[in-house]
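>>> got a predicted structure here, sequence first:
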Amino acid sequence: MLELRLVQGSLLKKVMDAIKDLVNDANFDCSSASFALQAMDSSHVALVALLLRAEGFEHFRCDRNISMGMNLGNMAKMLKCAGNDDIITIKGDDGSDTVTFMFESPTQDKIADFEMKLMDIDSEHLGIPDAEYQAIVRMPSAEFMRICRDLATIGDTVVISVTKEGVKFSARGDMGSANIVLRQNTTVDKPEEATIIEMNEPVSLTFALRYMNSFTKATPLSNTVTLSLSAELPIVVEYKIAEMGYIRYYLAPKIEDDEEETKPEA
Amino acid sequence: MAAMETLGILEEVEALVSDKHQVVSYKWLSRNFLVPSNDAKRLLQDLVDRRGSSLDVVYTVSGWLNNNPPSYKVRLVNGVGLEKAKQDFDGNCSVQVYSVQASIPRDSAVLWNMESIQAHELAKQPSPESNCLRDNRLCGIINSFVKRNVEGGHATINSAPQANNVEIRRPSGGLTGSGNSMGPPSDQNKVQQLPLMAGRQSSNMVKEVKTDKSGIKGHDQNTKSSAVVDKAPSLPSKGLGGNNSSKNGGSLSKLWGHATVKSKPTIAPAINGTEAKSNAIEALDDVMNDNEDEDVNVKRGSNGRKRRVVFDDSDDECEDAVDLSSPGKTLPVNNADITGQIEDTVVHDEGKKPDFTACNQLLNGVGSLALGQPGDSKSSCAQTNDIKDNAGASKAAPNASKRNKVLKTWIDERGREVTEVVSERDETEKKSSETKSTVKASADVTTKPSSRELASKKSTLAMGNGKAGGSKAGAKRDPKQGNILSFFKKV
């Protein structure tokens, strides 16, 4: 028996929008403590990890650990049918091959049940070791989205370099090149507008912008985004979901075969 | 090492020894299970401690002999002769398990059979592939300054002759290695206590000191050029594995740096996109900076889209371009003959090469390499001149200008061909007239192309066959893209 009631139903819609472009099918793992998802994109380059803790739900009941394979596109379509203010309840029965999404309008005068077929998905759960990252950048998520979008018009890849001066995003393409440098900035009125750089070692890594732009689909979930970088490790792009959990994207870096390639033209 | 793993290896070794009657030496063990050689010795010791009664053991005893003058010896002795052998050494001899076997073989060569076969196999692996024999990873003695040279004769170790280095005598009840004061050394298995072996090992390797990259800019480029040159010939074999070069760039680039490929730069049309442009520019930089580099080198990125072309001599490319290293050289003035106009040729050393390359690329893109032919040469060389002039005018960087010389060739009033080398400083006064002549020279070209325009032209040219690569990289698998599974393991 599974029953998860989320008053802020729009949050689930945003979560789906943040994942569905990257992953087609995934298993939602539900335990007594959390509602979680971990999935790789089809090319096994990026990984998304979603965690929604039980505390964030108004009502959270999960008798035993259950893994529900869902087509995220279909799930997103169903959740689109929920109003932004609706209360969403996810319901499942043991042994059932369906999941039910119940949408209640805030005034309780409309209740909609959408039942979706579950799928059997081979689970490829990856162990993600805790790592100390060489550089951690926290910045406004809208700013990050803007940068990724802008750079994608220039090139396919972005080089993210963190130095003590700041964090630099650069891209090169047929028409030219672009460099965007953000400096540490903590003197802002609102804490979510700050750019905070914690750096132990300078680090510079190259990533495919295509994936970065998929990640920024999570921007509506959080005002800030945290980028954690280490040489030899995937970048972690984390959006905190207020008081509930997080959505984290891991992206394997591109392997640079030449230093010269990243070097600006003389 | 985890206890479980150790246990697994030990069981397997036991099975090999008792069931297959194989001689398991620490070297074989180390390479086969990829454990450090010292760990392999400890494993064998562990096995001997547990199952000593059912196994015959060959020990290495090494240390200074009691003889006068003292000499350092490594001896192989069997368990029975161990105590006796120890007495021959002074107090500080080291005793380690060399191998375990069901019984001491009658023919001592059997001792080395397995590891010799193994070493052969490792040495026969295709060269770009690194293995424990090549990169010395299992060795107890590691010198970080030593780079291994796979293709060179040094690193391919044949352990068979090593067996011959050591005479084994059985009659005294023990296997006694003597004659050569070393045990049966192999490059990847070391007894740490043997400074002699360390010395020998490093002499077996190709030493190279990392070039200090903190030099001046020009110097830096030279350094890079050598790296480029070294990597270049690897293109046929540079597959996915080549992507690791950034991690251990220095050593890998050396591994690849053996055969040089000579070819004419006719592959240049394959250059696509901006990356290619920058590559070509860099490559040309390299050549210009390093005049000794006579080879034409081609480097292709792992995705097959990029090539690096290094032109061996600019003279081949543009016949009216003269390198300043030979100021007295007269040049064939085809264009002057053809056009009957004044042709100016400027050769720049540093600042203007990109433009030069861009021009070359344009030429290549158009598919006309034959500069000597009237039709093409007129327009393309006119462009060359033009670019150079532009560059000369706009980019007269202080360090570039000091070596800039201008070679002027024209037909004088009496119809004679006059060639003159003028230095840049002298040239500045004549700049205005020169520019005029350039305009005349480029009259055939509809617009006066700046280097920027050329670049855009080039990219449009490249679009034809190169643009698809970009979008393809998005849709298809990009070989440079890392895989998340290589970072996180499935659970």
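The structure has been received and is ready for your questions. Just so we're clear, the structure is a prediction, and the values are computed from it rather than from any experiment. Numbers count the residues shown, from 1 in each chain, chains lettered A, B, ... in the order given.
>>> contacts and neighbour counts: CA atoms only from here.
Fine.
>>> show me where the stretch 51-200 of chain B has its helices.
B:82-88, B:109-124, B:132-135, B:159-165, B:195-203 (DSSP state H, counting those that start in this stretch).
>>> point me to the residue of the stretch 51-200 of chain A nearest chain B.
Proximity of the stretch 51-200 of chain A to chain B (Cα to the nearest Cα) peaks at residue A:126, 4.2 Å away.
>>> how about residue A:9, what does it touch?
If a contact means Cα atoms under 8 Å, 6 or more residues apart in numbering or on different chains, then residue A:9 has A:82-88 as its contacts.
>>> hmm, 10 Å instead?
Residues in contact with residue A:9 (Cα atoms under 10 Å, 6 or more residues apart in numbering or on different chains) are A:79, A:82-89, A:103-104.
>>> same deal with residue B:490?
Contact analysis of residue B:490 by Cα under 10 Å, 6+ apart lists A:123-128.
>>> over to residue A:98?
Shown in contact with residue A:98 (Cα under 10 Å, 6+ apart): A:68-70, A:91-92, A:115-119.
>>> in terms of distance to residue B:146, which of the contacts of residue A:9 ranks first?
residue A:79 (61.1 Å; Cα to Cα).
>>> ok, that closest one touching residue A:87?
No - Residue A:79 is beyond contact range of residue A:87, at 11.1 Å (criterion: Cα atoms under 10 Å).
>>> what do the two both touch?
Applying Cα under 10 Å, 6+ apart, one finds that residue A:79 and residue A:87 are jointly contacted by A:9-10, A:102-103.
>>> rewinding a little: and the nearest residue to the residue of the stretch 51-200 of chain A closest to chain B once chain neighbours are set aside, how far is that from residue A:236?
Leaving aside its sequence neighbours, residue A:126 sits nearest to residue B:490 (Cα to Cα, 6 or more residues apart in numbering or on different chains; 4.2 Å). As judged by Cα to Cα, to the nearest Å, residue B:490 and residue A:236 stand 18 Å apart.
>>> what's the closest residue to residue B:90 other than its chain neighbours sitting at in phi/psi?
Sequence neighbours aside, residue B:66 is the residue nearest to residue B:90 in space, at 5.3 Å (criterion: Cα to Cα, 6+ apart). Dihedral angles of residue B:66 (phi, psi; degrees, to the nearest 10) stand at phi -70, psi -10.
>>> quick one: contacts for residue B:66?
B:72, B:87-91.
>>> can you do 7 Å?
Shown in contact with residue B:66 (Cα atoms under 7 Å, 6 or more residues apart in numbering or on different chains): B:88-90.
>>> cool, residue A:42 as well?
Residues near residue A:42 by Cα under 7 Å, 6+ apart: residue A:23.
>>> residue A:145: neighbour count?
When neighbours are counted by other Cα atoms under 10 Å in any protein chain shown, residue A:145 registers 20.
>>> how about it, secondary structure?
With DSSP: H, G, I helix; E, B strand; the rest coil as the basis, residue A:145 sits in helix.
>>> try the one 4 residues further on
On the three-state scheme (three-state DSSP), residue A:149 is labelled helix.
>>> can you count the residues close to it?
16.
>>> residue A:48 too?
22.
>>> ok, for it, nearest residue in space, not its chain neighbours?
residue A:249 is the one closest to residue A:48 (Cα to Cα, 6+ apart), at 4.5 Å.
>>> ditto for residue A:124
Computed as Cα to Cα, 6+ apart, the closest residue to residue A:124 that is not its neighbour in sequence is residue B:490, at 6.3 Å.
>>> one step back: mind giving me the ChimeraX select for the contacts of residue B:66, buried ones only?
Only the buried entries of these go into this ChimeraX selection, using 16 or more other Cα atoms under 10 Å in any protein chain shown:
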select /B:89
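>>> residue A:35: what's it in contact with?
Counting by Cα under 7 Å, 6+ apart, residue A:35 makes contact with A:28-29, A:51-53.
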